[in-house]
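Enquirer: give me the fold of what follows.
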Amino acid sequence: VAEKLNMKTVTPRTIAYMCVHVHFAMSCAEEWSNESEGFNYLEFYTFIVDFFEDTTGSEADKRTKKLLA
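Expert: Just a heads-up that it's a prediction; the model follows:
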């Protein structure tokens, strides 16, 4: 898929996107919605993006760069 989309790097948003899809695939939900069985996919996506993008301090920056390398 990455090759077809010409993706050269991994971003926080691509990680979050894949996490949402993996969680949905592992759930017993039969159709897509923002919330399923009490699990909010939009909040989950936002949490993951914020984990990488809302970093403060040199240690957080180092962690983010290492994880996205």
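Enquirer: for the residue positioned nearest the centre of the chain, give me its contacts.
Expert: Geometric centre of the chain, nearest residue: Ala16, 0.9 Å, by Cα atoms, centre = their mean. If you count contacts by Cβ atoms under 8 Å, 6 or more residues apart in numbering, Ala16 has them with 44-46, 48-49. Using the backbone N, CA and C atoms, a C-beta is placed for each residue, glycine as well.
Enquirer: can you lay out those residues as a markdown table showing neighbour count and distance to Lys62?
Expert: A markdown table is the format used below for the contacts of Ala16 (neighbours: other Cβ atoms under 10 Å; distance: Cβ to Cβ, whole Å):
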| residue | neighbour count | distance to Lys62 |
| --- | --- | --- |
| Phe44 | 17 | 25 |
| Tyr45 | 18 | 24 |
| Thr46 | 12 | 23 |
| Ile48 | 18 | 19 |
| Val49 | 16 | 19 |
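Enquirer: which among these gets closest to Glu30?
Expert: Nearest to Glu30 out of the contacts of Ala16 is Phe44 (Cβ to Cβ; 18.8 Å).
Enquirer: quick check, that closest one in contact with His21.
Expert: No: using Cβ atoms under 8 Å, Phe44 makes no contact with His21, being 11.0 Å away.
Enquirer: and the most far-flung residue of the chain relative to its centre, how close does it get to Lys65?
Expert: For the chain, the largest distance from the centre (Cα atoms, centre = their mean) belongs to Ser58, which lies 22.2 Å off. Taken as Cβ to Cβ, to the nearest Å, the spacing of Ser58 relative to Lys65 amounts to 10 Å.
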